[in-house]
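A.B. asks: with the input below, show me the fold.
(one chain, ligands or ions: 1)
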Amino acid sequence: MSTAASNVSAVTSDPRVPFPAVTEGTACRARPERWFPKRYGEDSIERHQAVNACKRCPLAEQCLLWALANPELTEHGIWAATTPTKRTYLRQALQARLGTDWVAVVAARRRARTQASTERRWDTRVRPAVPLTAANPPAPVPSEPRHWEPVTPEQAARNRETLLAALRERPAA
Ligand code: SF4
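C.D. replies: Sure thing, here's the model as predicted:
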C-alpha cells in the first residue's frame, strides 16, 4: 500500500526488505481510504473490503514482509490483509522464533532463495534437461544461422549483447 499517512515521510524504510516493485496499480492505491478504516473491528466494512482485496493482491507476500519490517511506517492501516494488532502479534512471533534481528535473518534467507532460483535458471540454459546421446541428438534450432554463412557485424553485435546480458544475470561464483 502507498504510505498515505503524512507523518511517516521522515522515516526511512528498511532497505533489507524493499517494497515490491509495482508494475501496475494496486487496489490500495486506487482506494487508499479503505486501507485506513476508522475502526478495525470485525464489523468494519472497510476493513473487510481491504482485507479481501489484499488477499487477491500479487504483492501480498512481499508487502507483508515490508510492513512487518517497518513498524513505524505501518502503525496504522491494513497492509497485506493484516490489521495493526495482527502485525504486532506477527512481529512478536518472528522475534521469538528468529531473534531480535529477525529482519536480517529473513532478508538473508530471501537472498539465498533468489540466488538459488537464479542459478537453477542459469543451469537449464547451459545444460539440456534430457542428456544428449547418439539416440537423442540435439534438436535443430531453426533460427540459428547455418555455419557456412559468415556472421554479419549486426549479428556479432547482437550476440555480444546477448552474452553480456547473460553474464550480467549470472550470479557471482
Ligand atoms: S497486499 Fe494489500 S496493502 Fe499490500 S500492495 Fe497489495 S493491496 Fe496494497
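A.B. asks: kindly report the residues of this structure close to the ligand.
C.D. replies: Residues of the chain lying close to the ligand by Cβ under 6 Å from any ligand atom are 1, 26-28, 53-54, 57, 59-60, 63, 79-80. Using the backbone N, CA and C atoms, a C-beta is placed for each residue, glycine as well.
A.B. asks: ok, residues contacting stretch 19-30?
C.D. replies: Contact with stretch 19-30 is made by 1-2, 13, 34-35, 50, 53-54, 56-57, 59, 62-63, 66, 78, as judged by Cβ atoms under 8 Å, 6 or more residues apart in numbering.
A.B. asks: what do you get for stretch 69-79?
C.D. replies: For stretch 69-79, contacts defined as Cβ under 8 Å, 6+ apart pick out 1, 3-5, 8, 11, 13-14, 16-17, 28, 34-37, 47, 50-51, 54, 63-64, 66-68, 84, 87, 91, 103, 106.
A.B. asks: again, only using 7 Å
C.D. replies: 1, 3, 5, 8, 11, 13-14, 17, 35-36, 47, 50-51, 54, 63-64, 67, 84, 87, 91, 103 (Cβ atoms under 7 Å, 6 or more residues apart in numbering).
A.B. asks: pLDDT weak spots in this structure?
C.D. replies: 1-10, 23, 122-173 (pLDDT under 70).
A.B. asks: does anything pack onto the lengthiest helix in it? Which helices or strands?
C.D. replies: In the chain, assigned by DSSP state H, the helix with the most residues is helix 102-126. In terms of contacts (3 or more Cβ pairs under 7 Å, 6 or more residues apart in numbering; DSSP states H and E), helix 102-126 is packed against helix 84-98.
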